[in-house]
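Student: fold the stuff below for me.
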Amino acid sequence: MASATPPPDVRPVSLRESTEEAASALPQPATAASSRWLLWALLTLALVIVAIILTAAWSGSGNKALSEEEVRRIAEEVARTQIAALPAGSGAAAGVEVQRLVNEAVGTQVAMLRPTNTPVPPTPTVIPPGVAEDDDAFKGPADAAVVIVEFSDFQCPYCGRWYQQTLPRILETYPTEVKFVYRDFPIFGDDSLRAAQATECAEEQSPDKFWAMHDRLFARLTSGDSTPLSQETLVSYAQELELDTRSFAECLSSQRYRDEVERDYQAAVSYGLRGTPGFVINGVVYAIGAQPFDVFDQIIQGELARVNAAE
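Tutor: Now for the predicted structure:
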């Protein structure tokens, strides 16, 4: 699962106020406070770098999970670099704190990189029927017994793995029992926000084109293509999919679906999700990441049994 320690403003970078606006709203810190801010900035940076390195390492490893020894070796190198960069006078305690936080991040990354067949218990959050689905694009019967809502990002490697390995098996195994709903949770900045809007602009021309653009974006991700998701790139995808590129480009540049994407993002946050992919299955929140088919199969079987027992 791609995740990050959420700042007080949990919107993605592309949805926040500008740095200048944020800075003007804050009181000027004293020297001691400034040092503390710098220290915590370095600690946060250490965790972010660990996540990026491990994600990149997983992406280039042929989809094979790294060993814990390899993960910890990478993390130790990052920790040493960050400890060396601490401001003068921070003391040994600061170095220990960096190491502790990096070790915690490693534990999380190891768990995510190593698939398990044991489902993680859902959070207590329960969403009223139909609310989590909103009016977003879906596959499967509208009245299916099991509704799986995915909150995802087109730049998240874990989302790409789930799209490639797990989703097809769910749809193939449960063609009439499962309704799959895709919602946006753009946590990787401007390109993710732009890609999410691109699917909405594609759907504007034809409902089927939503899924065509959705699949094209994940094909880019799972192939290892690092082309930035710029306006030009997305318009070229629209051309590949035989969309009206002029209308598509106008839709994308106008950002008329930005509010739609932001509503999805805020819904995910309100449900307690802090990483991608996250799921709501029949109203129950599952912050379990890109688990294999067997995990979802157990959940689906349980829901079908519950629904059948209630009839």
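
Student: burial count for Ser254?
Tutor: 11 (other C-beta atoms under 10 Å). In this view, the C-beta of every residue, glycine as well, is placed from N, C-alpha and C.

Student: and Gln205, by the same measure?
Tutor: A total of 18 residues lie near Gln205 under the criterion other C-beta under 10 Å.

Student: now do the contacts for it.
Tutor: Residues near Gln205 by C-beta atoms under 8 Å, 6 or more residues apart in numbering: 243-244, 247-248.

Student: which among these end up buried?
Tutor: 243, 248 (16 or more other C-beta atoms under 10 Å).

Student: from the contacts of Gln205, which two are the most distant?
Tutor: Distances among the contacts of Gln205 were taken as C-beta to C-beta; the most separated pair is Leu243 and Ser247, at 7.6 Å.

Student: that older thread, could you dump the contacts of Gln205 to CSV with secondary structure?
Tutor: Listed next are these as CSV, based on DSSP: H, G, I helix; E, B strand; the rest coil:
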residue, secondary structure
Leu243, coil
Asp244, coil
Ser247, helix
Phe248, helix
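
Student: what's the closest non-adjacent residue to Lys209?
Tutor: Setting aside the residues directly before and after it, Lys209 is nearest to Ala202 in space (C-beta to C-beta, 6 or more residues apart in numbering), at 4.1 Å.

Student: ok, Leu171 touching Phe180?
Tutor: Yes - with contacts counted by C-beta atoms under 8 Å, Leu171 reaches Phe180, the gap being 6.5 Å.

Student: show me which of those two is the more surrounded one.
Tutor: The neighbour comparison of Leu171 against Phe180 (other C-beta under 10 Å) goes to Phe180, with 18 against 14.

Student: quick one: the more buried one and Lys139 touch, right?
Tutor: Yes - between Phe180 and Lys139 there is a contact under C-beta under 8 Å: 4.7 Å.

Student: give me the common contacts of these two.
Tutor: Contact criterion C-beta under 8 Å, 6+ apart; residues shared by Phe180 and Lys139: Leu171.

Student: lowest-confidence helix or strand of the chain?
Tutor: helix 19-24 (a mean of 37; mean pLDDT, DSSP states H and E).

Student: what's around the closest residue to Lys179 other than its chain neighbours, how many residues?
Tutor: Among residues not flanking Lys179 along the chain, Ala144 sits closest, at 3.8 Å (C-beta to C-beta, 6+ apart). Other residues lying near Ala144 total 18 when counted by other C-beta under 10 Å.

Student: tell me how far Ala144 lies from Ile281.
Tutor: 12 Å (C-beta to C-beta, to the nearest Å).

Student: residues shared between the contacts of those two?
Tutor: What both Ala144 and Ile281 touch, as defined by C-beta under 8 Å, 6+ apart, is an empty set.

Student: now Phe151. Its backbone dihedrals?
Tutor: Taking degrees, to the nearest 10, you get phi -110, psi 120 for the backbone angles of Phe151.

Student: tell me the buried residues in stretch 183-196?
Tutor: 183-188, 191-196.

Student: export stretch 262-271 as CSV, just CAs?
Tutor: C-alpha atoms of stretch 262-271 as CSV (Å, rounded to 0.1, in the frame of the first residue of the first chain):
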residue,chain,number,x,y,z
GLU,A,262,-11.6,16.1,-4.7
ARG,A,263,-14.9,14.7,-3.3
ASP,A,264,-13.6,11.2,-3.9
TYR,A,265,-10.4,12.1,-2.1
GLN,A,266,-12.2,13.7,0.9
ALA,A,267,-14.5,10.7,1.1
ALA,A,268,-11.5,8.3,1.3
VAL,A,269,-10.0,10.4,4.1
SER,A,270,-13.3,10.6,6.0
TYR,A,271,-13.4,6.8,5.9
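
Student: in it, what counts as buried?
Tutor: Those would be 262, 264-265, 267-269, 271, for stretch 262-271 by 16+ other C-beta under 10 Å.

Student: now do it, average pLDDT.
Tutor: Stretch 262-271 shows a mean pLDDT of 94.

Student: I'd assumed Tyr286 was in contact with Ser279.
Tutor: Careful, residue 279 is Phe and not Ser. Yes - assessed by C-beta under 8 Å, Phe279 is found in contact with Tyr286 at 4.4 Å.

Student: return the backbone torsion pair for Met213.
Tutor: Main-chain dihedrals, Met213, degrees, to the nearest 10: phi -70, psi -40.

Student: let's have the chain start at 25 instead
Tutor: OK, 25 is where the count begins now, so the last one is Met237.

Student: ok, the residue nearest to it when sequence neighbours are not counted - contacts?
Tutor: Using C-beta to C-beta, 6+ apart and skipping residues adjacent in sequence, the residue nearest Met237 is Ala226, 3.9 Å away. By C-beta under 8 Å, 6+ apart, the contact set of Ala226 is 233-234, 236-237, 262, 265, 267, 272.

Student: ChimeraX command for the buried members of these?
Tutor: Buried members of the contacts of Ala226, defined by 16+ other C-beta under 10 Å, are picked up in ChimeraX with:
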select :233,234,236,237,262,265,267,272
